[in-house]
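> just the structure for this:
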Amino acid sequence: MAAASAAPAASAIERAASGLLGVGFDRSVQFVASMTRGDWLAIALAAVLFFWALGAYNRLVALRRTVADAWLPVADALHHRQEAAQALLAALHEPLAAEHGALDTLTQALAASAATSAALGARPLLPQHAAAWLAAEAAFGAASARVIALAEATGAGDGACGAWAEPLAAFHDGEKRLPFVRQFFNDAAAAHDRALALFPTSLAAWLFGFGPAGHI
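Model prediction:
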């Protein structure tokens, strides 16, 4: 008895649902039929703008990824130079016992270089990170040049250079690599910035908040 009464109820629900779907479909057909040529043109323009914006965004992201990848060789060269500098400081601790001020300055400059390198590695496109790294690099260059000059002067007089000759050679090797990998990074940053300067990519960059990359 209950099953018999449930069947008409289910049938009534199906008819109601079909009716609602039919009404919805009819209204959709009427809406489409009522659209003017201008409406279709507006939809087409919106679609073109959407796909253009999507393509421009993907291109900008790819360029930014290229800049980030170009930082990796720089980070590797800096890592090797840092290890050589630390070994050099350890080797010069006694030969330059009277020049602890210069050694401390180099130690601090090395720490600042490592900190700014880490910050730039985390956000390779931020100009302020690049500027901070350049400032730390200048301080490191001055401090290391002074320590090496003192070490060479000391070693020339008493033949003590053997203890720090190997770390010094490793340090110079690291220094020689840096100009090439920095140029590689700067080339990628310049390509990114050229793309940002071109219209309409510049409009997409403004919409998505992409700015120029820093150079090192």
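> residue boundaries of the helices in the chain?
2-34, 37-91, 100-122, 127-158, 162-197, 201-208 (DSSP state H).
> columns distance to residue 214 on top of those helices, output as TSV?
Where C-beta positions appear, they are placed from N, C-alpha and C, glycine not excepted. Output for the helices of the chain, formatted as TSV (distance: least, CB to CB, whole Å):
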stretch	distance to residue 214
helix 2-34	52
helix 37-91	9
helix 100-122	8
helix 127-158	3
helix 162-197	7
helix 201-208	15
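> lowest average confidence across the ones you listed, which one?
Set side by side, the helices of the chain give their lowest mean pLDDT on helix 2-34, at a mean of 54.
> before we move on, the earlier item: to residue 215, which of the helices of the chain lies closest?
When the helices of the chain are compared by CB to CB, helix 162-197 sits nearest residue 215, at 5.0 Å.
> want to throw the helices of the chain into CSV with distance to residue 216 and mean neighbour count?
Below are the helices of the chain laid out as CSV (distance: least, CB to CB, whole Å; neighbours: other CB atoms under 10 Å):
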stretch, distance to residue 216, mean neighbour count
helix 2-34, 57, 9
helix 37-91, 7, 15
helix 100-122, 8, 17
helix 127-158, 5, 16
helix 162-197, 5, 16
helix 201-208, 21, 15
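> just give the nearest non-adjacent residue to residue 132, would you?
residue 116 (4.8 Å; CB to CB, 6 or more residues apart in numbering).
> er, residue 212 actually
Of all residues not flanking residue 212 in the chain, residue 193 sits nearest, at 4.7 Å (CB to CB, 6+ apart).
> try residue 114
The shortest distance from residue 114 to any non-neighbouring residue, by CB to CB, 6+ apart, is to residue 82 (6.1 Å).
> ok, that neighbour - contacts?
110, 113, 114 (CB atoms under 8 Å, 6 or more residues apart in numbering).
> same check on residue 105?
By CB under 8 Å, 6+ apart, the neighbours of residue 105 are 143, 146.
> again, only this time at 10 Å
99, 139, 140, 142, 143, 144, 146, 147 (CB atoms under 10 Å, 6 or more residues apart in numbering).
> let me see the contact set for the third one.
Residue 140 is in contact with 78, 81-82, 85, 105-106, 108-114, 116, counting by CB under 10 Å, 6+ apart.
> next one: the first one
Contacts for residue 99 (CB under 10 Å, 6+ apart) come out as 92, 105, 146, 147, 150, 151, 153, 154.
> distance check, it against residue 193.
Residue 99 sits 43 Å away from residue 193, going by CB to CB, to the nearest Å.
> likewise for the second one?
Going from residue 139 to residue 193 by CB to CB gives 27 Å.
> then the third one?
Noted for residue 140: a distance of 26 Å to residue 193, by CB to CB.
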